[in-house]
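>>> Structure of the sequence below:
(chains A and B)
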Amino acid sequence: MFETFFNECYSKRNPNARLFHELLESTSRVVNLVEYKDTHHSDRVALNCLRLARKVGISDQYTLAQVYFAGLLHDIGEIGIPDNLIYKKGKLSEEEFQALTTHTAIGQQIASQVPVLSQAAQLILWHHEKWDGTGYPEGLTMDETPMLAQVVSLCDAFDNIRRGGLFSKPEDWDKELVRFAGIQFNPSLVRPLIDLTKEGLADDTERSPEDDEVLNAMERQRDVIEQLRENYVGIIVNFLLTLLEAKHKDSALHSKRVARLCHRMGQQMKLSEQELQALVIAGNLHDIGKVGIPNSILDKPGLLDDQEYREVQKHPQYASTILKPLSGFEEVNEAVLYHHERWDGCGYPEGLKGEDIPLLARILHLCDLADALIHLKPVPEHRATDKVRYVIEDGFGSYFDPDLSRFFEADASEPEDAGDSL
Amino acid sequence: MHDLAHYATFPHFFSDTLRFYRHTNVVCLNTLAGNTEQFIKRNFRVRVITNTVFPGAYEYDLALIENDRFLLSNVDLRRIQQLADTLNFEASQTKTVERNGIKLPSGLWEYREEIKRLPVFDRTPYHRATMHYFLWQLAKYYLLTDRPDIPGLPLSEAVRFYLREVKRPFRSNREVNEAYRRIDRETLGNIAARVLIVDVPPVSGYRMLPPFLQAREVMVNERFKLSDILPPEYFFGSRFDSENAYFEWMREFLSHCQHIQTWLLMVRDAAIRPGMVAMLESLKRRSRSFSHSIADDFTFSYLISHPE
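Have a look, this model is predicted:
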């Protein structure tokens, strides 16, 4: 899958690309976007997990890297939970609590899209298990929960205690940890964590050289790199699409359809195989920036107000932020960043005009809009392809590159939901 | 004794199988009632019917699975808290007493006796079961925090915390769930269910329980003896002299469940898996095996079986 793209953009252009680090950096940016309160909670939990695991005697670098990733991605499943539930003040109803508990399984699903993170995915599943067996999702008691998952659970809870608002005092943190030892946490992990706080090592968001060494070791592990090389681009596309699907299913389906439309149009235009694959990847990922937009805006019925519209307009930049660390994805990143630029210069984010807009972005813009028009909800008559053709054809020269008109087929975007485009 | 992880069940891994079924009956046969039935009750709109053999495990099922209505009143909660305030002790300064293999602070044993004298204990079987669940939570807490560097909470504080937990220990799934103890074959044969879940114990049976499960039994019956509950070749978890005897007993028992379409058998011991598959074939059922690695040295495996 996407072999030509990988061979051209990685094996030839960037043979020394640090695949694992690129993945890490990109993932880290996704997490920061998803946590749009800018708290760096996951960054801190990840580092604390790594350091606590090391402190309790785990030295295997692969295991340490897994626990780091589990800490980083532990709340990624919250992307699939409505915002009003996550930030709800006061008591949750039974149904609301039930919905909230699914975030661990959603997180596991998302992380398991990356084969080298399979162990981390399981730790994410269990990070809300409690030592006394009253946690979720499985209600495991004591050592039934694997020790690394206990580490993630403790570090997550500790960071929540630590940032407990105005009422959280550093001198009380230890007391809270001790209070819940034997209830929520494994008592034998609490003392090492308290020691870490005393050493001042539990409040960082930046990795120390020692922490970096763990991740560098992953870059040297042959089986890890071979696993990544086997299907690196497919893994990233799958991971990000699953994330988008959890956040907003309609956007993920739309992305898959756009990728298909792009593929057909690229074939008509006789693009090279590498360009074609880049276009398909861009089609799949063009809306990935929406992971940083609240669902209340994405699902709002009717027109958006100015502020909401400005927020939605940020999604190409958000997408670019996520893709930037991926050194081989330059072309894709460009297409995604500029896929809302208009031929007449009235688009966003930069207001580029005419041929200043990269070709792939121009094609993507056309396919994106065509699919959006065909599948527009809730106006069924817009599905008629001749009407779409009329609207699109009217847009050549203003919205779209006029040269693309001869390659465009309005009926190429199937009205039914497209399946997996990969 | 087996490693603790050998008792654990990880129902999340077979939840995809259960997602096919809604508004149907699921029968869980296990010896050590635990997280599986609770997971199913919480996550699926199905009626859960459980069976176990241990009194403590049965009380757990009664409180958390069958009970859907009976709650402790505020008066009960206040009385339970008052009692704890009266008998309060500091975990680090009290002496421990061992009873039936369970070492707990002497004050907690005393508290248990007093609690059992409260009227709430005899109100309904559900109230009694909820109180047993509450006592078990406390026992687990003091059992697990027996570490000098982390002093446990005083009794009154631990009670305050766990009373919040048992105010509503169950999560309703709006179905009429049932808990059985030592279900007979005829009843089993009459239950109209679509899914049967069996936690398959080792051939050699359970010789002793992990401390936290032993504590559950001791909270219900101080003189609990595993061998009294599980005589040889009696039920799941009993000792069988040979694999043949084990499979023969199981074959006979499961033949009463042939009307249940999907069987899900958690088989942790890889050595008996081929025998299980052969036994299922003799019942004219085909089966598929699934395994999930939990830790480096532990894999959670189960078989899904359907009629041929």
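>>> Give me the nearest residue to residue 61, chain neighbours excluded.
If you meant another chain, say so; for now it's chain A. Spatial nearest neighbour of A:Q61, excluding adjacent residues (Cβ to Cβ, 6 or more residues apart in numbering or on different chains): A:A217 at 3.8 Å. Placement of C-beta: from N, CA and C, glycine included.
>>> Not quite, go with chain B.
Counting by Cβ to Cβ, 6+ apart, the residue nearest B:D61 is B:A179, at 3.6 Å.
>>> Domain boundaries for the chain, per the record?
As the question left the chain open, I've gone with chain A. Residue ranges for the domains of chain A, per automatic domain parsing: A:35-206, A:248-412.
>>> I was thinking of chain B, sorry if that wasn't clear
According to automatic domain parsing, the domains of chain B span B:4-68+B:177-211+B:226-307, B:74-166.
>>> Could you list every helix and strand in contact with the least confident helix or strand in chain A by mean pLDDT?
When the helices and strands of chain A are scored by mean pLDDT, DSSP states H and E, helix A:385-395 comes last with a mean of 77. For helix A:385-395, the packing partners by 3 or more Cβ pairs under 8 Å, 6 or more residues apart in numbering or on different chains; DSSP states H and E come out as helix A:359-374.
>>> got the angle for the helix it packs on vs helix A:385-395?
Angle, helix A:359-374 to helix A:385-395, by axes from the mean of the first three to the mean of the last three Cα atoms, to 10 degrees: 140 degrees.
>>> Alpha carbons only: can I get helix A:359-374 in PDB?
Provided in PDB are the C-alpha atoms of helix A:359-374 (Å, rounded to 0.1, in the frame of the first residue of the first chain):
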ATOM      1  CA  LEU A 359      -1.600  21.400  -8.400                       C
ATOM      2  CA  LEU A 360      -2.600  18.700  -5.900                       C
ATOM      3  CA  ALA A 361      -4.300  21.200  -3.700                       C
ATOM      4  CA  ARG A 362      -6.300  22.500  -6.700                       C
ATOM      5  CA  ILE A 363      -7.500  19.000  -7.500                       C
ATOM      6  CA  LEU A 364      -8.200  18.200  -3.900                       C
ATOM      7  CA  HIS A 365     -10.200  21.500  -3.600                       C
ATOM      8  CA  LEU A 366     -12.400  20.500  -6.500                       C
ATOM      9  CA  CYS A 367     -13.000  16.900  -5.300                       C
ATOM     10  CA  ASP A 368     -13.600  18.100  -1.800                       C
ATOM     11  CA  LEU A 369     -16.300  20.500  -2.900                       C
ATOM     12  CA  ALA A 370     -17.900  18.200  -5.400                       C
ATOM     13  CA  ASP A 371     -18.300  15.400  -2.800                       C
ATOM     14  CA  ALA A 372     -19.600  17.900  -0.200                       C
ATOM     15  CA  LEU A 373     -22.200  19.100  -2.700                       C
ATOM     16  CA  ILE A 374     -23.300  15.600  -3.700                       C
END
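>>> I'd like the average pLDDT over that helix.
Taken as a whole, helix A:359-374 carries a mean pLDDT of 93.
>>> farthest residue from the center of chain B?
B:Q93 (32.5 Å; Cα atoms, centre = their mean).
>>> how close does that one get to B:L155?
For B:Q93, the distance to B:L155 equals 12 Å [Cβ to Cβ, to the nearest Å].
>>> now do A:H254
Remark: distance between A:H254 and B:L155 (Cβ to Cβ) = 58 Å.
>>> In terms of neighbours, single out the busier of the two.
For the pair A:H254 and B:L155, the greater number of neighbours falls to B:L155 (26 against 23), based on other Cβ atoms under 10 Å in any protein chain shown.
>>> Verify the contact between the more buried one and B:S106 for me.
No - under the criterion of Cβ atoms under 8 Å, B:L155 makes no contact with B:S106, lying 11.1 Å away.
>>> is it true that B:H23 touches B:V46?
Yes - the pair B:H23 and B:V46 passes the contact test of Cβ under 8 Å, sitting 7.0 Å apart.
>>> Determine which member of the two has the greater number of neighbouring residues.
Legend: neighbour count by other Cβ under 10 Å for B:H23 and B:V46, higher for B:V46 (21 against 10).
>>> Quick check: chain neighbours aside, which residue is closest to the more buried one?
Nearest one to B:V46, counting by Cβ to Cβ, 6+ apart, is B:V26 at 4.8 Å.
>>> Got the phi and psi for the one you found?
The phi and psi values for B:V26, taken as degrees, to the nearest 10, are phi -120, psi 130.
>>> and it, how many neighbours does it have?
26.
>>> that older thread, where does the residue nearest to A:Q61 land in three-state SS?
helix (DSSP: H, G, I helix; E, B strand; the rest coil).
>>> From A:E210, how far out is it?
A:A217 is 11 Å from A:E210, by Cβ to Cβ.
>>> Also B:T96?
B:T96 sits 41 Å away from A:E210, going by Cβ to Cβ.
>>> which of the two has more neighbours?
The neighbour comparison of B:T96 against A:E210 (other Cβ under 10 Å) goes to B:T96, with 16 against 10.
>>> Just the C-alphas of stretch A:310-318, formatted as PDB.
C-alpha atoms of stretch A:310-318 as PDB (Å, rounded to 0.1, in the frame of the first residue of the first chain):
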ATOM      1  CA  ARG A 310     -13.100  31.300  11.800                       C
ATOM      2  CA  GLU A 311     -12.600  28.200  14.000                       C
ATOM      3  CA  VAL A 312     -13.500  25.800  11.200                       C
ATOM      4  CA  GLN A 313     -11.200  27.700   8.900                       C
ATOM      5  CA  LYS A 314      -8.300  26.700  11.100                       C
ATOM      6  CA  HIS A 315      -8.600  23.000  10.100                       C
ATOM      7  CA  PRO A 316      -6.100  23.100   7.200                       C
ATOM      8  CA  GLN A 317      -3.500  24.600   9.400                       C
ATOM      9  CA  TYR A 318      -4.200  22.000  12.100                       C
END
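>>> shaky segments in chain A?
A:36-38, A:165-167, A:377-385, A:410-422 (pLDDT under 70).
>>> A:A157 and A:Q184 touch, don't they?
Yes - counting by Cβ under 8 Å, A:A157 does reach A:Q184; the two are 6.3 Å apart.
>>> what's the burial count for whichever residue of the stretch 151-300 of chain A sits closest to chain B?
Closest approach between the stretch 151-300 of chain A and chain B, counting by Cβ to the nearest Cβ: A:G182, at 3.6 Å. Neighbouring residues of A:G182 were enumerated by other Cβ under 10 Å; the total is 26.
>>> Could you check how far it is from B:I150?
Distance, A:G182 to B:I150, using Cβ to Cβ: 7 Å.
>>> B:Y302 in helix, strand or coil?
strand.
>>> Any idea what it is bridged to?
B:M266, B:F290 (DSSP bridges).
>>> Contact partners for it?
B:F13, B:F14, B:L264, B:L265, B:M266, B:V267, B:S289, B:F290 (Cβ atoms under 8 Å, 6 or more residues apart in numbering or on different chains).
>>> out of those residues, which is most surrounded?
B:L265 (24 neighbours).
>>> who touches that one in this structure?
Counting by Cβ under 8 Å, 6+ apart, B:L265 touches B:I197, B:V198, B:V200, B:M276, B:S287, B:Y302, B:L303, B:S305.
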